[in-house]
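Student: okay, predicted coordinates and the sequence, questions at the end:
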Amino acid sequence: MSDESETALRAYVRRLEAERNDLRRRLESVDQWVAETLRSAEAVRPLLRSMQESKFWKARNAWFDLKHRVGLHPVGAQAPVDLIVSDFAPLLSRASAYERWMFANDLRPADERVVRDAAAVLPRTPLISVVMPVYDTPERYLRAALDSVLAQLYEHWELCVADDASTQPHVRRILEEYRAADARVKLVFRPHNGHISAASNSALALAAGEFVALLDHDDVLAPDALFAVALLLNRKPDTDFVYSDEDKIDDLDRRSEPYFKPEWSPDSFLARMYTGHLAVFRRALVAEAGGFRPGFEGSQDYDLVLRVTERTQRIEHVPRVLYHWRIHPESTAAGGTSKRYAFEAGRRAIEEALERRGEPGRVEELPEAGSYVVRYVIRKPGKVSVIVPTRDHGADVDRCLASIFARASDQDFEVVIVDNGSTQRASLAVFERWAAAEKRVRIVRHAVPFNFAEINNYAVTQTTGRYLLFLNNDTEVVSGDWMEAMVEQAQRPSIGAVGVKLLYPDGTVQHGGVVTGIGGVAGHSHKYADAATGGYFNMLRTTNNYSAVTGACMMVRRDVFERASGFDERLAIAFNDVDFCLRLRALGLYNVYLAHVVLYHYESKSRGADDEGAKRTRFHAERDRMRERWGAALACDPHYSPHLTVTSEDFAIRG
């Protein structure tokens, strides 16, 4: 990169940072003013109400109402302060977290010149072909889509439009108008309607760019969409597939429902088409994959990404909202029932992908349209060693083992109770009863000072299973084929640790995957959420990649456990499971959470943090060890968006 280019780009970055800091200061000032205004209004509200109950005030209001009806009410006439407050309240309610985020993060008109200047000095300016199939698009939506391309701050683009034999005459007229206005607009008019896959291929045939970007005929690109992609391609020129964050836009151009996405998460992608828009591909790779396939209409993009990502791992995510998905009655953005065929096509696309990849299985579509659960064929069966450490807690162990055997099937397994120095006769009697009654239960004595990591490491040396299942003594199995479902995933060469959905007894979520950075080190996804809900974009109901899963119920192949050298015994109590999972991730493996495997975890919701005496000292030491070891990796969870909060586990927008 030349000195001139680097200087311009650095100036662009400094300008954006300064603007963002200024906006945040202004937002804090507005927040303070709003709070003071509301406090003042609340203080005078009782006085106002008493005044408004008087005969004089009622007569006054009637007089102003009459003047307003006959057009004599002067502009700016005083209104009761109570009415002002009630009018102001809806305005405050409309200031959603996302609106506040847009205020602080969106590109402002004043920034456009800076972006254009930066785009002009990029060392590499790849041509990006925007591919857009069109069919009977309402005029307003069509013009908005076309205008959003022409308004791009990055100028090295072409727009390749294929009209799929539209019946509405305005479509051709508008397209011809835009072609006449800008030579970068290319058109093809198909003689017969072939549906979206065929039309997309026709548009693709017009493309000459090194990269192709997909745009639906009723959606809108952000002005800096193509610039953001080009900037990434300058930093990482070997990238083959780029996707961005997105939101939805209505007929009044109001934006809502932002989708802040993770970095590439292949198992999350098999659960739903999360990459969505904006999607940009290396054109040669799309051609190699065979373009869009007829028969997958409605999920043709999903099918394409599945095939493209089988050919490359050079996948990048731009964490900016670069695409606005139009909400209207005929769009899939409007709801799950509008295009039923699209979700059936998605299921077939996943099934074919599984066959191509040599990982056969079945795909179950969830009631929430557009989400799926993949159930793999177990092709690498083997014994599961279930490791249950305990010191006393006989009643907990009894409940845990009863639930395991009540839901046992043909899976080969053993249960190893690791007795860490139990002294209660009742507990010892429970352990002995289970060992005598069930040949698959063994007791291993290991009376050492409590160290969760060391106890589990020792237990592994006493087991023979191909699969290791670490299980807390205070859990209770709910799902019928839970162990098989975990083996289905653990057998796969790409998978490290397998976790599950854990619930508190009241039906709220205790664990739905682990996100690093929350609370300084890590936190449980969707903690305390109602288990009946879908969570953030249905993540609570679907299989997802996470940086870590809890050791309260975790399965891993024995060879993987040994490659990672087991749990770090210097993390005696806290974070040893997170550290283990991060080491698996460093080996190139993906950790996965299974929503369809459910257990109760009787850990107390009110237990709180370790914040007293020796416990506090030990906790802080282990926290500091995690921070020293993993550093920035804790703050940059690839399976979690930088725009989401790290102060709670509810996927709220970061303030």
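Tutor: Yes, it's here.

Student: and this protein, what are its domains?
Tutor: Here the domain parsing of the chain from automatic domain parsing is 3-105, 126-334, 384-635.

Student: tell me which of those sits nearest to residue 113.
Tutor: Minimum separation from residue 113 across these (C-beta to C-beta) falls at domain 126-334, 9.1 Å. Glycine gets a C-beta too; all of them are placed from N, C-alpha and C.

Student: now that closest one: mean pLDDT?
Tutor: Taken as a whole, domain 126-334 has a mean pLDDT of 96.

Student: from the chain's centre, how far out does that domain sit?
Tutor: 21 Å (C-alpha atoms, centre = their mean, to the nearest Å).

Student: and stretch 502-517, how far out from the chain middle?
Tutor: So, by C-alpha atoms, centre = their mean, the centroid of stretch 502-517 is 16 Å from its chain's centroid.

Student: report the mean per-residue pLDDT for it.
Tutor: 96.

Student: which helix or which strand is home to residue 319?
Tutor: Using DSSP states H and E, residue 319 maps to strand 315-326.

Student: tell me which helix or strand comes right after that strand.
Tutor: helix 340-356.

Student: using the three-state scheme, assign residue 386.
Tutor: Under DSSP: H, G, I helix; E, B strand; the rest coil, residue 386 falls in the strand class.

Student: and the gap between it and residue 514?
Tutor: Look at residue 386 and residue 514: by C-beta to C-beta, to the nearest Å, they are 21 Å apart.

Student: settle it for me: which of those two has more neighbours?
Tutor: Between residue 386 and residue 514, counting by other C-beta atoms under 10 Å, residue 514 is the more crowded of the two (30 against 24).

Student: quick check: that one vs residue 593, distance?
Tutor: Relative to residue 593, and taking C-beta to C-beta, residue 514 is found at 8 Å.

Student: and what of residue 201?
Tutor: Here residue 201 is placed at a distance of 37 Å from residue 593 (C-beta to C-beta).

Student: ditto for residue 518
Tutor: When residue 518 is compared with residue 593 (using C-beta to C-beta), they lie 15 Å apart.

Student: contacting residues for residue 310?
Tutor: Contacts for residue 310 were tallied using C-beta atoms under 8 Å, 6 or more residues apart in numbering; they are 353, 356-357.

Student: give me phi/psi at residue 390?
Tutor: The phi/psi pair for residue 390 (degrees, to the nearest 10) reads phi -160, psi 150.

Student: okay, residue 518 and residue 593: which has more neighbours?
Tutor: Neighbours were counted for residue 518 and for residue 593 using other C-beta under 10 Å; residue 593 has more, 29 against 21.

Student: for my notes, confirm the more buried one occurs in a helix.
Tutor: No: counting by three-state DSSP, one finds residue 593 to be strand, located in no helix.

Student: residues in a beta bridge with it, which ones?
Tutor: With DSSP bridges as the criterion, residue 593 is bridged to residue 499, residue 544.

Student: you'd agree it is up against residue 501?
Tutor: Yes: here residue 593 reaches residue 501: they are 7.4 Å apart, a contact under C-beta atoms under 8 Å.
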